[in-house]
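Trainee: Model the following, please.
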Amino acid sequence: MPTLADEMLTVTRSNGNVTVTDNNGNTFNVTTANVAIENGVVHVIDGVLLP
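Mentor: Next up, the predicted model:
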């Protein structure tokens, strides 16, 4: 799926775990999913995605 910066992210679900991989091959784990916020929902990952 493309980001607003037109970068591609790959989201993978395996054995109950979800990971996000960026264009550079960096993979981060979703540590907390479905956190309700005022205007939607966020998923917390264990890293920082940089454009």
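Trainee: in which helix or strand would I find the nearest residue to V44 once chain neighbours are set aside?
Mentor: Excluding the flanking residues, the one nearest V44 by Cβ to Cβ, 6 or more residues apart in numbering is T32, at 4.0 Å. All C-beta spots, glycine's among them, are computed from the backbone N, C-alpha and C. According to DSSP states H and E, T32 maps onto strand 27-37.
Trainee: which outside residues touch stretch 19-38?
Mentor: 7-12, 17-18, 41-47, 49-50 (Cβ atoms under 8 Å, 6 or more residues apart in numbering).
Trainee: so the residue nearest the centre of the chain bridges to which residues?
Mentor: Nearest to the geometric centre of the chain sits V20, at 4.4 Å (Cα atoms, centre = their mean). Beta-bridge pairing for V20 (DSSP bridges): V11, F28.
Trainee: which of the contacts of stretch 19-38 are buried?
Mentor: In terms of neighbour count (16 or more other Cβ atoms under 10 Å), the buried residues within those are I45.
Trainee: Among the contacts of stretch 19-38, which ones are in strands?
Mentor: Among these, DSSP state E puts 10-12, 17-18, 41-45 in strands.
Trainee: got the residues you listed as TSV, with distance to G25 and pLDDT columns?
Mentor: Output for those, formatted as TSV (distance: Cβ to Cβ, whole Å; pLDDT from 0 to 100):
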residue	distance to G25	pLDDT
T10	10	95
V11	15	95
T12	13	97
N17	18	96
V18	17	97
V41	27	97
V42	24	96
H43	20	95
V44	21	97
I45	15	97
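Trainee: Make TSV from those residues and add distance to M1 to it.
Mentor: What follows is these, written out as TSV (distance: Cβ to Cβ, whole Å):
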residue	distance to M1
T10	8
V11	7
T12	12
N17	18
V18	13
V41	15
V42	15
H43	13
V44	18
I45	14
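Trainee: Surely L49 and T10 touch.
Mentor: No: with contact defined as Cβ atoms under 8 Å, L49 does not reach T10; the gap is 11.9 Å.
Trainee: What about the residue nearest to V44, how many residues nearby?
Mentor: 10 (other Cβ atoms under 10 Å).
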